[in-house]
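[1] Let me see the structure of the following:
(3 chains)
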Amino acid sequence: MEPEITDMVLLFQTVIQWIAIILSASTGVYDARKNGMDYFGALVIAVIVAVGGGTIRDLLLDRYPLFWLADPIYLISIFIVGIIGIILIPISRTDLPGDQKHSSGFLQSIVRLIFGTSGTFAFIDSFALGMWAYLGTMYALTSGIPPIIAPIMGVITASFGGVLRDILFAKIPELFKPSQFYAIASFAGATAYVLMSMEGFSSTDGFIVCMIVTVFVRMTSIRYNITSF
Amino acid sequence: MEPEITDMVLLFQTVIQWIAIILSASTGVYDARKNGMDYFGALVIAVIVAVGGGTIRDLLLDRYPLFWLADPIYLISIFIVGIIGIILIPISRTDLPGDQKHSSGFLQSIVRLIFGTSGTFAFIDSFALGMWAYLGTMYALTSGIPPIIAPIMGVITASFGGVLRDILFAKIPELFKPSQFYAIASFAGATAYVLMSMEGFSSTDGFIVCMIVTVFVRMTSIRYNITSF
Amino acid sequence: MEPEITDMVLLFQTVIQWIAIILSASTGVYDARKNGMDYFGALVIAVIVAVGGGTIRDLLLDRYPLFWLADPIYLISIFIVGIIGIILIPISRTDLPGDQKHSSGFLQSIVRLIFGTSGTFAFIDSFALGMWAYLGTMYALTSGIPPIIAPIMGVITASFGGVLRDILFAKIPELFKPSQFYAIASFAGATAYVLMSMEGFSSTDGFIVCMIVTVFVRMTSIRYNITSF
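    Residues are numbered from 1 along each chain as shown, chains lettered A, B, ... in the order given. Have a look, this model is predicted:
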């Protein structure tokens, strides 16, 4: 059974990773347009939100070549999502600056799913959070980072793309303001992974626990409006 | 004839490169002073505008030692230009904050040439744009970056020094706002270079086409006020 | 006598380094809270102020693994100082946003020592400034950076943690504004070290002269209110 489970986990990881990249790219484009950027700026923000955290991690860990420079599939996907976002957003939102068009009901519902503050988005996004927390922490451990500080690489991977985005918006990063747990959730998941790993559990087991802990902390924080201070 | 042409191209590249560094450093100092920075801040901005894009490129590509740390000629030149700029600017501009002096007619005309919004500046600057687009893309290809995404390194080299500058000014980068084509021009030139390179043309031929495309796109965009949105 | 002196210098360096890290972390937390960040943001700022300059230096010089990822003692110490700061600051300051408590006289005097604008703080901080200027310049020289530009790595190590902090506060870095000499002081000390090193003096002698020059320039600038412009 073990190989079968591992295969399912790998498939699950791949699905989550791509959903995460698509979500990051599309919310990046949306935020960039809202901040008055042109399509070029929107594409840059899409890339930075999607791969920025992993890039900071790799620069700090000396992991080369960078994953998005070694394989063009990442940037190509982000560009496609970004261009679709650029085309869709102006006709679907009414709170954007500049010229606006009427939105169709169908597009609106898709866009609301992706960009809305609905629980669906937060739930899917929390899976991405756990996924990046796991990947960053695993890379840190395999790079020889002491386990006690390895979760930091998980947190950076999961959430520092948004920090780079906010720097380019010339704003204090949302991640550092009082709010429902985001970085904390990824830290909890990453720490769970390190503990599992030190206890000799497999990477697959560690991944599953990391996901459960991250999603649980994130969603509990949202559900009961528990905030940092 | 070929070696002779190559020699001329090399001389041309060297001339363009140094003009680009001097322009970047002097406009960097000017912008820094306008934003209320002291001479130290102005020199830092001069360095960042001049070598910041190439530094981001080299950090992403793992190209060490960084060109401006391997050979002191870059920083020394930027410092000399920066110090001249710091001395000249207060006596030549009247829109600066702080104490102002009267400007001489001669200095004013030099400064207007360098800092003015005249077509001359834009034309010279577009050569620098093409030059960095070429260099960044060439380094990306020789570093094994997939050709389809190599132009991104050209764009970063050509225009991300200004992004770092605007981050330090705590402003949304000009590069990401609707305006006449700048990053787009370098992207067009870089893409032309990649296509030439894939078709088996020499680096010299690719460089010439990259320059022509970049300068053409940039100047056409300015001439007919074609803007991104 | 020489080994004994060297031992004393090493002890002195270790003491200064730890005082510097503790000062950086605690002022980082204080500034972060004043800017409305939560405890997570405050800890990130504490880390960035304490190790940010050295990290930029190491990324530019390709020095891996990064010192704070190789040895967990740095981050653990910063976290401990940061958490103490987070606990102490709300009950000790009255100019913070959000809910405030009454401060005890004892805590107030400690906090005033650390966070006040007193000469004591500036004096201790200037030792840290000289220490980082020395370390950065020494690493630059041993990495083969040309001596004439090596002091730049000293300045970056000593003062660019604060630049990263101000970027995250979405403000123009204090370091680049007219003020009493800070970067200039570290530059003077770093240059003194390079000159000593080129004249064949030992690293210990160079360190001592770097400290004296940095502290002298910094404190003279404060005492007589000599400012950059």
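
[2] Out of the helices and strands in chain A, which is least certain?
    Ranked by mean pLDDT, DSSP states H and E, the helix or strand of chain A with the weakest confidence is helix A:105-115, at a mean of 58.

[3] Spatially nearest residue to residue A:86, not counting backbone neighbours?
    residue A:39 (5.0 Å; C-beta to C-beta, 6 or more residues apart in numbering or on different chains). Every C-beta, even on glycine, is put in place using the N, C-alpha and C of the backbone.

[4] can you pull the contacts of that neighbour?
    Neighbour list for residue A:39: A:83, A:86, B:228, B:229 [criterion: C-beta atoms under 8 Å, 6 or more residues apart in numbering or on different chains].

[5] Distance check, it against chain C.
    24 Å (C-beta to the nearest C-beta, to the nearest Å).

[6] for residue A:133, same thing?
    With C-beta to the nearest C-beta as the criterion, residue A:133 and chain C are 14 Å apart.

[7] Let me know the helix or strand that residue A:30 is in.
    helix A:2-34 (DSSP states H and E).

[8] typo on my end, residue A:178
    Secondary structure (DSSP H and E) places residue A:178 outside all helices and strands.

[9] Tell me how many other residues crowd the nearest residue to it once chain neighbours are set aside.
    With sequence-adjacent residues excluded and distances taken as C-beta to C-beta, 6+ apart, residue A:178 is closest to residue C:38, at 4.4 Å. Residues contacting residue C:38 under the criterion other C-beta atoms under 10 Å in any protein chain shown number 20.

[10] quick one: contacts for residue A:129?
    Contacts of residue A:129 (C-beta under 8 Å, 6+ apart): A:158, A:159, A:182, A:185, A:186, A:189, A:214, A:215, A:218.

[11] what's the most distant pair in those?
    Greatest spatial distance in those: A:159 and A:215, 14.8 Å, computed using C-beta to C-beta.

[12] When those two are compared, which one has more neighbours?
    Higher neighbour count among residue A:159 and residue A:215: residue A:159, with 25 against 18, using other C-beta under 10 Å.

[13] rewinding a little: out of the contacts of residue A:39, who's the most crowded?
    Neighbour tally across the contacts of residue A:39 (other C-beta under 10 Å): the maximum, 20 neighbours, falls on residue A:86.

[14] Pull out the buried positions in the one helix or strand residue A:86 maps to.
    Here residue A:86, judged by DSSP H and E, is contained in helix A:73-92. Using 16 or more other C-beta atoms under 10 Å in any protein chain shown as the test for burial, helix A:73-92 gives A:74-75, A:77-79, A:81-83, A:85-86, A:88-90, A:92.

[15] What is the nearest of those to chain B?
    Comparing the buried residues of helix A:73-92 against chain B with C-beta to the nearest C-beta places residue A:75 closest, at 5.1 Å.

[16] what residues are up against the nearest residue to residue A:215 once chain neighbours are set aside?
    Closest residue to residue A:215 apart from its sequence neighbours, by C-beta to C-beta, 6+ apart: residue A:126 at 4.6 Å. Applying C-beta under 8 Å, 6+ apart to residue A:126 gives the contacts A:185, A:214, A:215, A:218, A:219.

[17] Can you report how many residues neighbour the residue of chain A found nearest chain B?
    Closest residue of chain A to chain B, C-beta to the nearest C-beta: residue A:41 (2.6 Å). Neighbours of residue A:41 under the rule other C-beta under 10 Å: 25.
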